[in-house]
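[1] The sequence isn't on hand, but the structure is:
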């Protein structure tokens, strides 16, 4: 690739775009990272890779200058969560998710100490509808439960939350300018929603207040993932 073309591609990478590496093996993840090249600078390593080589891959990505979001949704007794967060903080990774329960969130914040690791609280999974929550025994509808958990995350000292694009404006209003609002369930108009019940486009999510978006299958399942990532980044650029 010519130097000018490489520079143009690198400039097109939007650090607000997080691409999930939801594949079974680290080798498949490496292949996807190679295919995306400089079009993506931020990756999510989730539970599927956690069960194999997730931490080694995360360190490898950090060594390549990428940002890494560990979507492991820590949830255990406070002591265990605190120790896990302390260990993760040593890896140099950028984001870690925890379940949005007060004791869990506070323990993770204590565990990360003075490191730069950002603690993100999961509010309500984007696959869940109000009907799903009722079946699970919650009296609150999704928006009310998200609002409660945002307040609790702020009180616990979390850096931000995971919230659907439909609750991004609420999270931004409650958390303020520097609060991280990471929105999964982002689907461009030209892609399928799959199992995301509360989805929105990249542009709409950013306009609503998201600081970062997570966009997976529209990019990773595309015939040309690199081109798809650049297409999503171009849409995001319209938000400024």
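    Nice, I can see it. In this text, all values refer to a predicted model and were calculated from it rather than measured experimentally. Residues are numbered from 1 along each chain as shown.

[2] C-alpha only now, for contacts and for neighbours.
    Fine.

[3] For residue 83, grab the count of nearby residues.
    Residue 83 has 16 neighbours, counted by other Cα atoms under 10 Å.

[4] So which elements touch the helix or strand encompassing it?
    Assigned by DSSP states H and E, residue 83 belongs to helix 78-89. If contacts are counted by 3 or more Cα pairs under 8 Å, 6 or more residues apart in numbering; DSSP states H and E, helix 78-89 sits against helix 102-112.

[5] quick check, distance from the helix it packs on to the centre of its chain.
    Relative to its chain's centre, helix 102-112 lies at 19 Å (Cα atoms, centre = their mean, to the nearest Å).

[6] Please apply the same query to stretch 58-75.
    Worked out by Cα atoms, centre = their mean, stretch 58-75 lies 11 Å from the chain centre.

[7] Longest strand in the chain, please.
    When the chain is parsed with DSSP state E, its longest strand is strand 67-74.

[8] quick one, that strand and helix 102-112 angle?
    Between the axes of strand 67-74 and helix 102-112, defined by axes from the mean of the first three to the mean of the last three Cα atoms, to 10 degrees, the angle is 140 degrees.

[9] what pLDDT, on average, does strand 67-74 get?
    For strand 67-74, mean pLDDT is 97.

[10] Renumber starting at 38 from here on
    Sounds good: first residue 38 from here, last item strand 104-111.

[11] That strand pairs with which strands?
    As defined by DSSP bridges, the strand partners of strand 104-111 come to strand 79-82 (parallel), strand 132-136 (parallel).

[12] In the chain, mark out all the strands, start to finish.
    Under DSSP E, the chain gives strands at 54-57, 79-82, 104-111, 132-136, 155-159, 197-199, 217-220, 249-251.

[13] Export the ones you listed to CSV and append columns for distance to residue 209.
    Output for these, formatted as CSV (distance: least, Cα to Cα, whole Å):
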stretch, distance to residue 209
strand 54-57, 18
strand 79-82, 21
strand 104-111, 20
strand 132-136, 18
strand 155-159, 14
strand 197-199, 9
strand 217-220, 7
strand 249-251, 12
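
[14] Could I get those strands in a markdown table, plus columns for mean neighbour count?
    What follows is the strands of the chain, written out as a markdown table (neighbours: other Cα atoms under 10 Å):
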| stretch | mean neighbour count |
| --- | --- |
| strand 54-57 | 24 |
| strand 79-82 | 23 |
| strand 104-111 | 20 |
| strand 132-136 | 24 |
| strand 155-159 | 26 |
| strand 197-199 | 28 |
| strand 217-220 | 27 |
| strand 249-251 | 23 |
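
[15] Relative to residue 274, which of those is closest?
    Comparing the strands of the chain against residue 274 with Cα to Cα, the closest turns out to be strand 54-57 (10.7 Å).

[16] ok, and what's touching that closest one?
    77-83, 249-253, 256-257, 270 (Cα atoms under 8 Å, 6 or more residues apart in numbering).

[17] quick one: low-confidence ranges for the protein?
    Counting by pLDDT under 70, the ranges of the chain that qualify are 38-49, 228-236.

[18] in it, which spans are helices?
    Ranges of helices within the chain are 40-49, 63-73, 84-87, 91-100, 115-126, 139-149, 167-173, 179-193, 205-212, 239-245, 254-257, 262-274, based on DSSP state H.

[19] which one of the contacts of strand 54-57 is nearest residue 125?
    Closest to residue 125, out of all of the contacts of strand 54-57 and judged by Cα to Cα, is residue 82, at 12.9 Å.

[20] correct me, but the closest one touches residue 99?
    No - counting by Cα atoms under 8 Å, residue 82 does not reach residue 99; the two are 11.9 Å apart.

[21] Could you work out the end-to-end span of stretch 199-208 for me?
    In terms of Cα to Cα, to the nearest Å, the two terminal residues of stretch 199-208 are separated by 9 Å.
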